[in-house]
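Visitor: Sharing a sequence plus its predicted fold:
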Amino acid sequence: MSGEESRPSAGSAGAVSASGEIEQPKSQPLAVQEAEIVAVRRGMFPTAGGGSDTSGYGRLVRKIELPGQSPRPYGGYFDEVENELFGALDEQGLAPELAIERVVVHRGQITFQVRREHWVQVARTLRDDPALRFELCLGVSGVHFLHETGRELHVLVPLMSVTHNRRIQLETTCPDSDPHLPSLYGVYPAVDWHERETWDMFGIVFDGHPSLTRILMPDDWPGHPQRKDYPLGGIPVEFKGAQIPAPDQRRAYQ
């Protein structure tokens, strides 16, 4: 791919120029979307039943935003990476707008939010296309957003191009009711243990993983400890004969 500012649109017929050559129409960047405020948090440690925050940060107000599509140009190499990726997907017969939900640039980092049905194809394209060459996957992280109905579980994957010295991040989602994502093991074998940890902590099932078993918690452990709806207290602990209650049963601000 050439890395030009505009991108060809897949599946659209071109117009005939004055010289008789077919000119391919250029697709527009994804429509800019404003950030959506999905929640407002007050205090540092809100108490059960709505009592006073005893941390000293009771007047702290934090808006929780769901970022929208960032406007172009993004700056740096970000525009070129998007151009190359979208063009490569076009060549494969996949309209980029169907695979990429939005592109977010925030605090010097670009994130491509990918629809889960195209998760593996986008990752493989980023790895194999000569103009992209994101050969190195740096991990797999899970996030649980209770307020995002239908897309509560998020997975984030940072990628690095050793060839071009570039970094990007991929993100995809799945609902609590169907916590399944395709495994990236076939593209990046090093995600083996990272996907196991994300399954262990968040309950996200990576379809196609060769051995999706717990890696931190015992095999018979109930639930997934880093989900937002997991009980805060955990389990009581016995240490040298002393019975220590779970944290949510002994904190003063409960």
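Guide: Yes, it's here.

Visitor: Can you give me the buried ones in the helix or strand Phe112 falls within?
Guide: Taking DSSP states H and E as the definition, one finds Phe112 inside strand 109-114. Going by neighbour count (16 or more other C-beta atoms under 10 Å), the buried part of strand 109-114 is Ile110, Thr111, Phe112, Gln113, Val114. C-beta: built from backbone N, CA, C; applies to glycine.

Visitor: and if you look at stretch 167-187?
Guide: Neighbour counts over stretch 167-187 (16+ other C-beta under 10 Å) mark 167-174, 176, 179, 181-185, 187 as buried.

Visitor: for stretch 100-107, same thing?
Guide: Ile100, Glu101, Arg102, Val103, Val104, Val105.

Visitor: Out of those residues, which is nearest to Leu126?
Guide: Among the buried residues of stretch 100-107, Ile100 lies closest to Leu126 (C-beta to C-beta), at 11.5 Å.

Visitor: Double-check the closest one against Thr111; I have them as touching.
Guide: No. The criterion here is C-beta atoms under 8 Å, and Ile100 misses it with Thr111 at 10.5 Å.

Visitor: Let me see the contact set for the residue positioned nearest the centre of the chain.
Guide: For the chain, the residue nearest the mean C-alpha position is Glu171 (2.3 Å; C-alpha atoms, centre = their mean). Counting by C-beta atoms under 8 Å, 6 or more residues apart in numbering, Glu171 touches Thr111, Phe112, Gln113, Val114, His154, Val155, Leu156, Val157.

Visitor: which stretch of helix or strand covers it?
Guide: Following DSSP H and E, one finds Glu171 within strand 166-174.

Visitor: Name the residues of the longest helix seen in the chain that come out as buried.
Guide: The longest helix of the chain (DSSP state H) is helix 78-91. By neighbour count with 16+ other C-beta under 10 Å, helix 78-91 contains the buried residues 78-90.

Visitor: so which of those comes closest to Leu60?
Guide: Nearest to Leu60 out of the buried residues of helix 78-91 is Phe78 (C-beta to C-beta; 32.7 Å).

Visitor: Help me confirm that that closest one comes into contact with Val105.
Guide: Yes. Using C-beta under 8 Å, Phe78 makes contact with Val105 at a distance of 6.1 Å.

Visitor: ok, back up a step: export the contacts of Glu171 to TSV and tack on pLDDT and distance to Ile215?
Guide: What follows is the contacts of Glu171, written out as TSV (pLDDT from 0 to 100; distance: C-beta to C-beta, whole Å):
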residue	pLDDT	distance to Ile215
Thr111	96	26
Phe112	97	27
Gln113	96	27
Val114	97	25
His154	96	20
Val155	97	16
Leu156	97	18
Val157	98	17
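
Visitor: Pull the distance from stretch 197-210 to the chain's centre.
Guide: 14 Å (C-alpha atoms, centre = their mean, to the nearest Å).

Visitor: Please read the previous query as pertaining to stretch 102-113.
Guide: The answer for stretch 102-113 is 10 Å, by C-alpha atoms, centre = their mean.

Visitor: Ok, stretch 175-190 next?
Guide: 12 Å.

Visitor: hmm, who's touching it?
Guide: 116, 119-120, 123-124, 127, 137, 140, 150-153, 155, 157, 172, 174, 191-192, 195, 202-210, 212.

Visitor: at 7 Å what do you get?
Guide: For stretch 175-190, the external contacting residues (C-beta atoms under 7 Å, 6 or more residues apart in numbering) are 116, 119-120, 123-124, 127, 137, 150-153, 155, 157, 172, 174, 191-192, 195, 203-210.

Visitor: Repeat that for stretch 130-147.
Guide: Under the criterion C-beta under 7 Å, 6+ apart, residues 1, 3, 38-39, 81, 84-85, 126-127, 152-164, 168, 184, 188, 190-191, 194-195, 198, 201-202, 204, 226-229 lie in contact with stretch 130-147.
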